[in-house]
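Chemist: Have a look at this prediction, sequence included:
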Amino acid sequence: VQLVESGGGLVQPGGSLRLSCAASGFDFNRHAMSWVRQVSGKGFEWLSGIYVDARRFYGDPANGRFSISRDGAKYEVYLQMNNLKPEDTGVYYCAKNGIATIFPHTIVYDAWGQGIQVTVSS
């Protein structure tokens, strides 16, 4: 299993970023996927998850500003982040969910990407 994130970087407050995650090594169209982040002073925060049928769920940190999507043909999952704030600064991870996952309360992770840095600063 390989998950490779891209699209991170430096953005000003109020700006937007679109993270991508390229998946390989497993049947992408049989697994839910999630985005998780680790921000300074906090543990890992689940942001969003998406089932194969495109049903989407969001955690509190996403707070109406983030949107998850997936492309089954490309084996990719995305996180559109709008109105970014300095407190969104951190490392963002794409994760493959286990079959026991039931969003949003029972989330099982099978594999993680290496993470990508997002910095929100003026």
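Modeler: Noted; the coordinates are in hand.
Chemist: surely residue 86 meets residue 13?
Modeler: Yes - with contacts defined as Cβ atoms under 8 Å, residue 86 counts as touching residue 13 at a distance of 6.0 Å. In this view, the C-beta of every residue, glycine as well, is placed from N, C-alpha and C.
Chemist: Find the residues that touch each one of those two.
Modeler: In the contact map built from Cβ atoms under 8 Å, 6 or more residues apart in numbering, the residues linked to both residue 86 and residue 13 are 120-121.
Chemist: Now do residue 82 against residue 116, distance only.
Modeler: Using Cβ to Cβ, to the nearest Å, one obtains 17 Å as the distance from residue 82 to residue 116.
Chemist: who's more crowded, the two?
Modeler: For residue 82 versus residue 116, neighbours defined as other Cβ atoms under 10 Å are more numerous around residue 116 (21 against 13).
Chemist: ok, that one - contacts?
Modeler: Under the criterion of Cβ under 8 Å, 6+ apart, the contact partners of residue 116 comprise 5-8, 19, 91-93.
Chemist: which one of those sits closest to residue 34?
Modeler: For the contacts of residue 116, the minimum distance to residue 34 (Cβ to Cβ) is 8.5 Å, reached by residue 93.
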